[in-house]
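In: need coordinates for the below:
(2 chains)
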Amino acid sequence: MSTKVVDRSPLTFYERTYLPAILGGLKVTAKHFADTVFKGKSVTMQYPEERWVVPEGYRGAPYLVKDQDGATKCVSCQLCEFVCPPKAIRITPPGADGQPADRRNAEKMPKEFEINMLRCIFCGMCQEVCPEEAIFLQKDYSLTGESRTEMVFNKEKLLKLGGTHAGIQKWKHKLEEAEAQETFPVQTR
Amino acid sequence: MSAPAQPAPAPAPQAPPPVETMTVKVNGKTVQVPKTHPDWQGKPQPTTMLQAARCAGVDIPHYCYHDKLPVAGNCRMCLVEFGTPMMDPATRKPVLNEDGSPKIAKSVLPYEPGTPRGAIACATPISPGMEIYADSKATLQMREAVLESLLINHPLDCPICDQAGECKLQEYSVQHGQAGSRFVEAKVHKPKAVDLGPRIVLDDERCVLCTRCIRFSKDIAGDDALGIVNRGSYNTISAFETGKFDNNYTLNTVDLCPVGALTSKDFRFKMRVWFLKESKSVCTSCGTGCNITVGSREGVVHRYEPRENDAVNGPWMCDSGRLNYKWIGRADRLREVLVRGTRSTWSAALQDLTARLSKAPAGSVAVVASARQATEELYLLKKLAAKTGATTDSVAREGEADRLLVAADRNPNSNGARLTGISFTEAGIRIPEIAAAIEAGTVKTLVVFGEDVTKHGIPAATLAKLETLVVSDILPNATTALATHLLPGAAHAEKRGTFVNVKGRLQKFMKAVEAPGDARAEWEFLHELVHGVTGQNGYSTIEGLFNQMAREVPAFAGLEWAKIGDTGVDVKI
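Out: Residues are numbered from 1 along each chain as shown, chains lettered A, B, ... in the order given. Here you go, the predicted structure:
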């Protein structure tokens, strides 16, 4: 790596009076003052009435998504729970007698899925590790609640907040492929 | 007490002194390997390339091969390139290189001498001077190709597969697989979630047709219930009668299955295996004492798995023992110290008991212990009984033995009770005597550990005549309901200790989870009680306690906790 030698020459007498720095600062303040008063261009925002436009790719709170048929995408593989650095995610697997997945062929979906938003650090590892494209960091950045329990978002809440994410629907395609093979001659792509 | 017939009699660890060896080279490293290795039945058979490589510390990937099953050689995963010393056909002398080393003829295709011809390491015996190339370019290429072909129709449903995390297909794919699939055609689909038996689910799409489950059922369990049906790509594992694969050893096929085809209904979708903490333990369902691994997460036991021990259970265990863990996490576990029905503390209850037992006249105390307790606890109870002049016994628990692992004695530690002097040759013969003494009013204090004595010869009406009934148990029952002093104990998965099995194998078990509420390991509070009553100092650690017991109980002479090891030692019974 190349190194850059930073100029650290001693301050001149004029600089040591601090006047140029003070004047420079005043200039910025005066400019913003003029902009606000005469041009109506303010640099601050009236939060929370006014909100910042969240850019694409922003990593906000992670929520669960549904597929285009309205089915839960998560299959309770618990990889996000495993990878989560602050241990914010807790999944309760369905067990053998649990409710089957709400789409055919996927066999499995979580009985409960909780994210403790107070622990979540919005790192995005859950989204990265998810083999089902079921969890995404979305645009919410300001989560508030009146109690700690309120900040533990359950499956129902996460799915509601997450909305829909159209994906490849691999389980559906597998099932269609399998069903096509039930007929003879076997239909191939 | 009939000892169970072992499926594969373990080969004696000390083979006759001069083991005949052979010199082979594995990955360029010269190793001396025994000429024979025990096969699945323990009979000596010529050493195979796979075993020779293992001697050299090289693990050759395989699916269908298993040490304790007949060799099938059908998965082809263990293909390796190899060579043998060249022989001059005329002189029958080895051909030498210029430097004097023997010239090696690599195995090649007969009509294509440039192409290496692999052999399956699991079924090819070694010969003197053989060279095995377990990581040569050709071997790796063969491995990659076999894996690719095994994955052609694999559904890749790892996210919903219970085997994920302990799947050989996943492991070898990481080591030898390709990132992408070249297979563009539609995959062959097979039946999913087939109900094979009361404890087994089969996913035919995931199966690699290694036939381990078939060989196990036929040759080990003696229930020829599984087979392969249909042809070619449509090969599927099938039970003789769907849903009727129900012998007492079916869950071993789940362990054997290198992929996620056979999965346990009990463990189905319960927990991902990578979360499980594995603790070495011993099964308590019968006197065989199969070695197990307890899989637990955050204080909840999720499964038992057999742990290999050739001296006891080999790599197997029975289904009834494996599924006998749910009581550990039961909601009605005893979790409070109760003195005459009111909640107390350990120190208060033990102080009260110490005072009572110290004052009790000789012969007014009786002890009914349980052969489900650890040997150390029985030893402490015996010390307590010796001080108070108490009659002691444990409860016999008999069942039916089978030809493989299940013993007729359903107590895990009958021999421990015998060796520590708690019970006699026949467990339970003194219980009527104790009952009569209570009725007669000579016995005023009864100490019961881990047994519901109302079911074993001391009815509730008799117990009501006692002045003091000290009961330690894990789950509530009719005896705990009558206790004047109720001391909540710990399950074997919640403490450490040792059991002595029906054949006299002393084995230790380790702690997997914490005991609920105020419950404590019995040896912990017994140590305090014995210290109080006898005035003798003891050990507050299991190591010290075991070593003390080994010094005092003749059968355990010379033993030390640290020297027992994970698979136990034989003691004279």
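In: give me the nearest residue to B:S281, chain neighbours excluded.
Out: B:F509 (4.3 Å; CB to CB, 6 or more residues apart in numbering or on different chains). For glycine as for every other residue, the C-beta is placed from the backbone atoms N, C-alpha and C.
In: tell me the phi and psi of the residue nearest to the spatial centre of chain A?
Out: By CA atoms, centre = their mean, chain A has its centre lying nearest to A:L137, at 1.5 Å. The phi/psi pair for A:L137 (degrees, to the nearest 10) reads phi -80, psi 120.
In: per-residue confidence for it?
Out: pLDDT, A:L137: 96.
In: can you report how many residues neighbour the nearest residue to it once chain neighbours are set aside?
Out: Closest residue in space to A:L137, ignoring its immediate chain neighbours: A:R59 at 4.3 Å, by CB to CB, 6+ apart. By other CB atoms under 10 Å in any protein chain shown, the residues close to A:R59 number 15.
In: now do the contacts for A:R59.
Out: Taking CB atoms under 8 Å, 6 or more residues apart in numbering or on different chains, we find A:R59 in contact with A:F122, A:C123, A:G124, A:L137.
In: check contacts around the closest residue to the second one other than its chain neighbours.
Out: This means A:C123. Nearest residue to A:C123 in three dimensions, chain neighbours excluded: A:P85, at 6.2 Å (CB to CB, 6+ apart). Shown in contact with A:P85 (CB under 8 Å, 6+ apart): A:I121, A:C123, A:M125.
In: with B:P85 instead?
Out: Shown in contact with B:P85 (CB under 8 Å, 6+ apart): B:P94, B:V95, B:P102, B:K103, B:I104, B:A105, B:P128, B:G129, B:M130.
In: verify the stated contact: the third one with B:K93.
Out: I take that to be B:P102. No: using CB atoms under 8 Å, B:P102 is not in contact with B:K93; the gap is 10.1 Å.
In: quick one: which of the two has more around it?
Out: Higher neighbour count among B:P102 and B:K93: B:P102, with 16 against 8, using other CB under 10 Å.
In: list phi and psi for the more buried one.
Out: phi -70, psi 140.
In: can you pull the contacts of it?
Out: So B:P102 contacts B:P85, B:M86, B:P94, B:V95, B:L96, B:G129 (CB under 8 Å, 6+ apart).
In: in strands, which of those residues fall?
Out: Among the contacts of B:P102, the members found in strands (DSSP state E) are B:P85.
In: phi first, then psi, for residue 168.
Out: All of this is about chain A. The phi/psi pair for A:I168 (degrees, to the nearest 10) is phi -80, psi -10.
In: meant chain B, my bad for not saying
Out: phi -70, psi -30.
In: show me what contacts it?
Out: Going by CB under 8 Å, 6+ apart, B:K168 touches B:P61, B:Y63, B:P258, B:V259.
In: most neighbours among those residues, which one is it?
Out: B:Y63 (26 neighbours).
In: do I have it right that it meets B:V208?
Out: Yes: with contacts counted by CB under 8 Å, B:Y63 reaches B:V208, the gap being 5.6 Å.
In: now the residue in the stretch 201-350 of chain B that chain A sits nearest to. Nearest residue, chain neighbours left out?
Out: For the stretch 201-350 of chain B, the nearest residue to chain A under the criterion CB to the nearest CB is B:R268, separated by 4.0 Å. Closest residue in space to B:R268, ignoring its immediate chain neighbours: A:A96 at 4.0 Å, by CB to CB, 6+ apart.
In: list the residues that contact that neighbour.
Out: So A:A96 contacts B:K265, B:D266, B:F267, B:R268, B:F269, B:K270 (CB under 8 Å, 6+ apart).
In: can you get me a residue count around B:A349?
Out: 21.
In: how much space between it and B:E514?
Out: Relative to B:E514, B:A349 is positioned 20 Å away (CB to CB, to the nearest Å).
In: check the offset of the lengthiest helix in chain A from the chain's centre.
Out: Ranked by residue count, the top helix of chain A under DSSP state H comes out as helix A:19-34. Remark: helix A:19-34 is offset 39 Å from the chain centroid, using CA atoms, centre = their mean, to the nearest Å.
In: extract the CA atoms of it and return them as CSV.
Out: The C-alpha trace of helix A:19-34 is given here as CSV (Å, rounded to 0.1, in the frame of the first residue of the first chain):
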residue,chain,number,x,y,z
LEU,A,19,-9.3,34.1,13.1
PRO,A,20,-9.3,32.3,9.7
ALA,A,21,-11.0,29.3,11.3
ILE,A,22,-13.6,31.4,13.1
LEU,A,23,-14.3,33.5,10.0
GLY,A,24,-14.6,30.3,7.9
GLY,A,25,-17.1,28.9,10.3
LEU,A,26,-19.1,32.1,10.4
LYS,A,27,-19.2,32.1,6.6
VAL,A,28,-20.9,28.7,6.6
THR,A,29,-23.3,29.8,9.3
ALA,A,30,-24.1,33.0,7.4
LYS,A,31,-24.6,31.1,4.2
HIS,A,32,-27.2,28.7,5.7
PHE,A,33,-28.8,31.7,7.5
ALA,A,34,-29.2,33.5,4.3
